[in-house]
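[1] Structure for this input, please:
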Amino acid sequence: MLTAFTAGLLLITISELGDKTFFIAVILSMHHPRRLVFSGVIAALAAMTILSVAFGQVVSFLPKQIIHYAEIVLFIAFGLKLIYDANKMPVSATQEVVEEAQEAVEKADLDNSQPKSVWSILLKSFILTFIAEWGDRTQIATIALAASNNPIGVTVGAILGHAICAAIAVIGGKLIAGKISERQITFLGGFLFIIFGIVAAIEGK
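    Model (predicted):
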């Protein structure tokens with residue numbers, strides 16, 4: 001339980017900080033009440049986590065040996081790819097992520113002249129975050145974790161990790177956005193994935 005919780009918490013917190021969903025929350029919180037943005041964002045991330053864990057539980061019915069080796073290969077492959085991507089990233093990589101997030105927000109908010117209701121802000125925050133998170137590496141990693149670890153621990157840890165990143169984004173995102181290096185975060189995430197793969201290999205012996 002504790003291992004699953006810690007794995008979910010660390011994986012999500014480090015991987016999501018400075019991600020596209022992080023900057024979507026930053027941008028939305030500049031134009032709308034932060035508590036509404038946070039509520040919509042965390043609801044989307046929690047829903048995505050629960051769906052991922054549920055899918056991971058379906059995968060868990062496969063033979064344990066297949067799950068074990070698939071988890072090792074998945075984490076190490078993800079880690080190596082992240083390190084490779086980080087090594088190829090230009091210094092302006094963070095700015096590119098910010099621009100993608102800005103574009104997503106602008107497409108969802110074509111008419112800024114009308115006052116926004118509470119529900120429209122919540123819905124926009126939810127939909128933008130959910131779409132941005134779908135198919136993200138953290139979703140696949142959550143599925144892998146849930147397939148071989150305590151599902152409750154993974155769920156609680158992952159949602160807490162998402163909540164921490166979302167809170168940072170809506171409260172102080174504007175101040176720290178320019179100080180986050182997507183390259184460094186990607187490197188760190190890559191090493192973390194590899195560590196998880198090694199731990200999985202050792203625990204399976």
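
[2] Am I right that residue 12 is in contact with residue 156?
    No. If you go by Cβ atoms under 8 Å, residue 12 and residue 156 don't touch, sitting 11.0 Å apart. In short, each C-beta sits where N, CA and C put it, glycine included.

[3] So which of the two has more stuff around it?
    Between residue 12 and residue 156, residue 12 has the larger neighbour count (other Cβ atoms under 10 Å), namely 27 against 17.

[4] wait, what's in contact with residue 154?
    4-5, 7-8, 53, 56, 142, 145-146 (Cβ atoms under 8 Å, 6 or more residues apart in numbering).

[5] mind redoing it with 7 Å?
    The neighbours of residue 154, taking Cβ atoms under 7 Å, 6 or more residues apart in numbering as the test, are 4, 8, 53, 142, 145-146.

[6] low pLDDT regions in the chain?
    1-2, 18, 90-98, 100, 106, 108-115, 173-182, 204-205 (pLDDT under 70).

[7] Please, where are all the helices along it?
    2-16, 20-31, 34-59, 64-88, 93-108, 118-133, 137-148, 151-176, 182-203 (DSSP state H).

[8] Now find how far off-centre the first one is within its chain.
    Centroid separation for helix 2-16 versus its chain: 10 Å, with Cα atoms, centre = their mean, to the nearest Å.

[9] Can you list the helices and strands that it packs against?
    On a contact count with 3 or more Cβ pairs under 7 Å, 6 or more residues apart in numbering; DSSP states H and E, helix 2-16 meets helix 137-148, helix 151-176, helix 182-203.

[10] Deepest in the core, which of those helices is it.
    Most buried of the helices and strands packed on helix 2-16, by mean neighbour count (mean count of other Cβ atoms under 10 Å): helix 137-148, with a mean of 23.

[11] outside of that one, which residues touch it?
    Against helix 137-148 from outside (Cβ under 7 Å, 6+ apart): 4, 7-8, 11-12, 15-16, 48-49, 52-53, 55-57, 59-60, 67-68, 71, 74-75, 78, 133, 154, 158.

[12] CA atoms only: put it into PDB for me.
    Backbone C-alpha positions of helix 137-148 (Å, rounded to 0.1, in the frame of the first residue of the first chain) are rendered in PDB as follows:
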ATOM      1  CA  ARG A 137       2.900   9.200 -20.500                       C
ATOM      2  CA  THR A 138       1.700   9.600 -16.900                       C
ATOM      3  CA  GLN A 139      -1.600   7.900 -17.900                       C
ATOM      4  CA  ILE A 140       0.200   4.900 -19.300                       C
ATOM      5  CA  ALA A 141       2.500   4.800 -16.300                       C
ATOM      6  CA  THR A 142      -0.500   4.900 -13.900                       C
ATOM      7  CA  ILE A 143      -2.000   1.900 -15.800                       C
ATOM      8  CA  ALA A 144       1.300   0.000 -15.400                       C
ATOM      9  CA  LEU A 145       1.500   0.800 -11.700                       C
ATOM     10  CA  ALA A 146      -2.100  -0.200 -11.100                       C
ATOM     11  CA  ALA A 147      -1.600  -3.500 -12.900                       C
ATOM     12  CA  SER A 148       1.000  -4.700 -10.400                       C
END
